[in-house]
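Asker: Turn this into a structure:
(2 chains)
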Amino acid sequence: MSRDRQEIVRALSPARTLAIAPQRWRAECERHARDGWRFCGLFAGAARQPRVSCILARGGRELVLRAEVPSGSIETIVDLFEAAGFDEREAHDAYGIHFDGHEPLRPLLEHPSDPAAWTVPVQGHDPHQVAVGPIHAGVIESGHFRFTVVGERILNLDLRLFYKHRGLQAAAQGRPLAEGLSYAQRACAACAVTNTVTYAQACESALALAPDAHLRRARTLLLELERLYNHLGDISAICAGVGFAPGSMAFAALKERAQRLNRRLTGHRFLFGTVGLACSELRIGHVDARAARHELRSLGDEVRALWRELRFAASLQDRLGGVGRLSRDDALRLGAVGPSARASGIQRDARRESPRLTYAAFTPVSPAKPGGDVAARLDVRGLELEQTLALLDELLDGNLTSGGVKRLSGPQSEIGVGRVESPRGETVCAVQHCKGTVVRFHLRTGSYTNWPAVAHAARENLLPDFPLINKSFELCYACADR
Amino acid sequence: MSLQNAIAGIVQIAGGVLLSPAIVGLIQHTKARMQGRPGPSIRQPYRELARLWGKSTVTPQPHTVIYLLAPAVSAASALMALALLPTAGHALDLGLGHDALVLVGLLALGRFALALAAWDTGSGFSLMGAGRELMFSAFVEGLLLLVLLLLALPLGSTDLVSMSHAASLSWVSLRPAHWAAALAFGLLILAETGRRPLDNPDTHLELTMVHEGPLLEYAGRDLAYLQWAAAARHWIVLVLGCELVIPHPGPFVAQLAVLAGGLVTLSLALAACETMQAKMRVLRVPLLLGFGSALCVLGLASWFAGGAG
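Answerer: Numbering: from 1, shown residues only, chains lettered A, B, ... in the order given. Okay, here's the model as predicted:
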């Protein structure tokens, strides 16, 4: 076996699981944090007794730390990994696990009527609260924002999400693994491919299966098609956020073109039902592939022309610089992912560490001015569009046939982890199975990870700039709520 | 009462009441075309007014008479303002006079009534919009006074009829002061009609609203009054632009033609400006309006440096 081959086999082997005694939980997490492991999610479960699991990643490897919590109470790790804030609050609300030291442990899923129960108290001269949502004047998903402001200046923003909590993860329990795929897909329409691919990878890694070249190519193609129409839509949304109609209309029209291409290639505008577990039924003939390639090239020309127009639209550019700044340190601390993290100068992209997909020699984009503001986030999307168009051009070279999996020599494991870059950032999925049925499935999407960063970036900005800041992250509500 | 005065009165009152929604419709339609959409028909604002007129009204609780009166006060002040407007150096004499300062007051009254209503209900978005509107108006009203003062200089009167007459004199349009006022008036049109880059009438983002904010609480007939008043404001400032700023020499009929052409041209210009511009950061608006004031001061200086003409 060559060295490269060994490398691949090692990368494809399932995530390691470490069972830890509850009293060692915090110490073990601390040790791994010191060793350079990055926090990728924490979830609770209850089989015979409550337990918590923490997903960590380093390089292309994943590690699951898990501890039984017989007493229902365990030490917090939120001070080690600030990104675990939402996760611990969710685990508390859903499974009643108490995290010692996480004070105050504010509700996240639960929606108490008293604002003091879930908002951060702000003291000072004359601050007042402005409540927005969950019902908005436009067609926007349900989310409630509570701003504490002085005049037009935002001092603090508290988020209340989970209006769209459908209990998908619990509903999938006890179902066959292949059926769980549709639960992952229903989490959110705009990230349907990412969520299903992540779920499928988690299952395949637990079952010690490796995708063949056709399957890898099909999934990469679908992921990039998803990124294409999402990024086009996001640029349109940023323009709409400042009322720049020519930009928002033109990019919305391009998004429509991309979605029509989706339908021609896969039969669905949002690419639903295209991802299978351990297989891919997606077939694209020579003629269709060439036509799609042609369409994408003409789309690309239009994107570049419009992008130039945006750069020279002074009234638009004037609104973007310095607004909604997320510093590099804050992005690291809050564990931000995706275009938002790259806009803050963090070269983090799960596509770099995706041996189960065909991203050979992938380099994440870095904007010219990674200031972490709205301008940088827009810039990253423009650069990534170029990258995605180039990737799609490569992936559509020749026909695409159905794909499958190969069995790896290693043993199967109880828990599998999948990690895929969605248009909004790294999405992580952990699947625990028992003889082919789902025992516990946990989906932590890029949107879920980035919501705290939105709240942080909004601080010290003007209230009327918030829609723009929010649109520059353009996170989903549904796939955070699940 | 001469025939021309009667015609002037009919143009302003009947035209203002009936045609002002068409101006808004024309702007919306042109804007949509410029953005590559088919867009709504020019008649759309009429359809909307008719729809709202037939709907019942819902009122927020609690509210007082201030909230209930605001639509009537707003619409009535717009109607009064229409009666003051001159047409080609003529106007119907209803015993109200035609003083420019009264017009400024009437525009302010409409705004004030709506702002008070926002405070009355205490709704967050209404208050936010009203607060911004009042902040802008502190600068808008000052600028409006300066511009009117500058335009009143040639004949030394703030009577709108004589100011309209002044704009038809050829020597007035040769003075730099007149064009300084014209530029500043362009900014005023944007501010008074609530359009980009100062405000965005199409937005659904509550947090960014200025003029739309206080309207959120209203429904049915009340909202119809307020929407008509907003359309009438378009008519008022555009007519002022045509009558006081755009030179219109010649006989009465020719001046009427200039008014009609001017209204359409200014509407199209507004649509083009809205299409090309993003909305500016809210705290930069005073700066832009301050720029208008500086232009006026320059105009004043040039007037007095140039002697009495």
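Asker: Can you give me the end-to-end span of stretch B:58-72?
Answerer: 16 Å (CA to CA, to the nearest Å).
Asker: any residues touching it, and which ones?
Answerer: B:113-114, B:116-117, B:119-121, B:123, B:217-223, B:225-226, B:229 (CB atoms under 8 Å, 6 or more residues apart in numbering or on different chains). Yep, even glycine has a C-beta here, placed from its N, CA and C like the rest.
Asker: tell me which residues in it are buried?
Answerer: B:67, B:70-71 (16 or more other CB atoms under 10 Å in any protein chain shown).
Asker: Relative to chain B, which residue of the stretch 101-250 of chain A is the closest?
Answerer: residue A:138 (3.2 Å; CB to the nearest CB).
Asker: Please convert the buried members of the contacts of stretch B:58-72 into PyMOL selection syntax.
Answerer: Burial among those is assessed by 16+ other CB under 10 Å; the matching PyMOL selection reads:
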select buried, chain B and resi 113+114+116+117+120+121+123+217+218+219+220+221+222+223+225+226+229
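Asker: Please flag which of the contacts of stretch B:58-72 sit within helices.
Answerer: B:113-114, B:116-117, B:119-121, B:220-223, B:225-226, B:229 (DSSP state H).
Asker: Dump these into a markdown table; add distance to chain A and pLDDT as well.
Answerer: Converted to a markdown table, those look like this (distance: CB to the nearest CB, whole Å; pLDDT from 0 to 100):
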| residue | distance to chain A | pLDDT |
| --- | --- | --- |
| B:113 | 23 | 93 |
| B:114 | 18 | 92 |
| B:116 | 19 | 93 |
| B:117 | 18 | 93 |
| B:119 | 14 | 90 |
| B:120 | 18 | 91 |
| B:121 | 15 | 89 |
| B:220 | 18 | 90 |
| B:221 | 21 | 92 |
| B:222 | 18 | 92 |
| B:223 | 14 | 93 |
| B:225 | 21 | 94 |
| B:226 | 16 | 94 |
| B:229 | 21 | 94 |
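Asker: hmm, back to that, okay if I get the buried residues of stretch B:58-72 as TSV plus secondary structure and pLDDT?
Answerer: Formatted as TSV, the buried residues of stretch B:58-72 follow (DSSP: H, G, I helix; E, B strand; the rest coil; pLDDT from 0 to 100):
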residue	secondary structure	pLDDT
B:67	helix	92
B:70	helix	93
B:71	helix	94
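Asker: would TSV of the residues you listed with distance to residue A:143 be doable?
Answerer: Formatted as TSV, the buried residues of stretch B:58-72 follow (distance: CB to CB, whole Å):
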residue	distance to residue A:143
B:67	29
B:70	31
B:71	32
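Asker: Return the member of these nearest to residue A:430.
Answerer: The nearest member of the buried residues of stretch B:58-72 to residue A:430, counting by CB to CB, is residue B:67 at 53.9 Å.
Asker: That closest one and residue B:49, how far apart?
Answerer: 21 Å (CB to CB, to the nearest Å).
Asker: What ranges does chain A have for its strands?
Answerer: In chain A, strands defined by DSSP state E lie at A:16-20, A:38-46, A:50-58, A:61-68, A:73-75, A:98-100, A:128-132, A:144-150, A:153-160, A:209-211, A:405-407, A:415-422, A:425-434, A:437-444, listed in chain order.
Asker: looking at the ones you listed, which is closest to chain B?
Answerer: strand A:128-132 (5.2 Å).
Asker: hmm, the closest one touching chain B?
Answerer: Yes: counting by CB under 8 Å from any CB of the partner chain, chain B is contacted by strand A:128-132 at A:130-132.
Asker: Stretch A:245-263 now?
Answerer: Yes: counting by CB under 8 Å from any CB, contacts between stretch A:245-263 and chain B involve A:245-246, A:249-250, A:253.
Asker: helix or strand for the residue of chain B found nearest chain A, which one?
Answerer: Chain B approaches chain A most closely through residue B:204 (3.2 Å), counting by CB to the nearest CB. Assigned by DSSP states H and E, residue B:204 belongs to no helix or strand.
Asker: quick one: it and residue A:136 touch, right?
Answerer: Yes: using CB atoms under 8 Å, residue B:204 makes contact with residue A:136 at a distance of 7.4 Å.
Asker: The two - which one has more neighbours?
Answerer: residue A:136 (18 against 15; other CB atoms under 10 Å in any protein chain shown).
Asker: check contacts around the residue nearest to that one when sequence neighbours are not counted.
Answerer: When the adjacent residues along the chain are set aside, residue A:136 lies closest to residue B:206, with 7.0 Å between them (CB to CB, 6 or more residues apart in numbering or on different chains). Residue B:206 sits next to A:132, A:136-137, B:125, B:128, B:213, B:216 when contact means CB under 8 Å, 6+ apart.
Asker: before we move on, the earlier item: which of the residues of strand A:128-132 next to chain B are buried?
Answerer: A:130, A:132.
Asker: quick check, nearest of the residues of strand A:128-132 next to chain B to residue A:221?
Answerer: For the residues of strand A:128-132 next to chain B, the nearest to residue A:221 is residue A:132 (38.6 Å; CB to CB).
Asker: was I right about residue B:36 contacting residue A:251?
Answerer: No: if you go by CB under 8 Å, residue B:36 and residue A:251 don't touch, sitting 11.6 Å apart.
Asker: which of those two has more neighbours?
Answerer: Set side by side, residue B:36 and residue A:251 show more neighbours around residue A:251, with 25 against 12, by other CB under 10 Å.
Asker: Give me every residue in chain B lying close to chain A.
Answerer: So far as CB under 8 Å from any CB goes, chain B lies against chain A at B:31, B:34-37, B:124, B:128, B:132, B:196-197, B:200, B:202-208, B:216, B:274-283.
Asker: Residue A:455: what's it in contact with?
Answerer: Contacts of residue A:455 (CB under 8 Å, 6+ apart): A:157-159.
Asker: if we go to 10 Å?
Answerer: Listed by CB atoms under 10 Å, 6 or more residues apart in numbering or on different chains, the contact set of residue A:455 reads A:120, A:145, A:147, A:154, A:156-159, A:334.
Asker: Which residue of chain A lies farthest from its centroid?
Answerer: residue A:125 (38.2 Å; CA atoms, centre = their mean).
Asker: pLDDT on the longest helix anywhere in chain B, on average?
Answerer: Looking across chain B with DSSP H, the single longest helix is helix B:3-34. Helix B:3-34 carries an average pLDDT of 91.
Asker: tell me, how many neighbours does residue 215 end up with?
Answerer: I went with chain A, as the question did not name one. 27.
Asker: You answered for a different chain; I wanted chain B.
Answerer: Neighbours around residue B:215, by other CB under 10 Å: 21.
Asker: same deal with residue A:417?
Answerer: 29.
Asker: who touches the helix or strand of chain B with the lowest mean pLDDT?
Answerer: Least confident helix or strand, chain B: helix B:212-215 with a mean of 86, by mean pLDDT, DSSP states H and E. By CB under 10 Å, 6+ apart, the list of residues contacting helix B:212-215 from outside reads A:137, B:70-71, B:74, B:111, B:113-119, B:121, B:123-133, B:194, B:199-207, B:209, B:222-223, B:226-227, B:230.
Asker: where are the low-confidence patches of the stretch 201-309 of chain B?
Answerer: B:307-309 (pLDDT under 70).
Asker: Which residue ranges of it form helices?
Answerer: B:212-215, B:220-240, B:252-276, B:285-305 (DSSP state H, counting those that start in this stretch).
Asker: Tell me which of the ones you listed is the most buried.
Answerer: helix B:212-215 (a mean of 25; mean count of other CB atoms under 10 Å in any protein chain shown).
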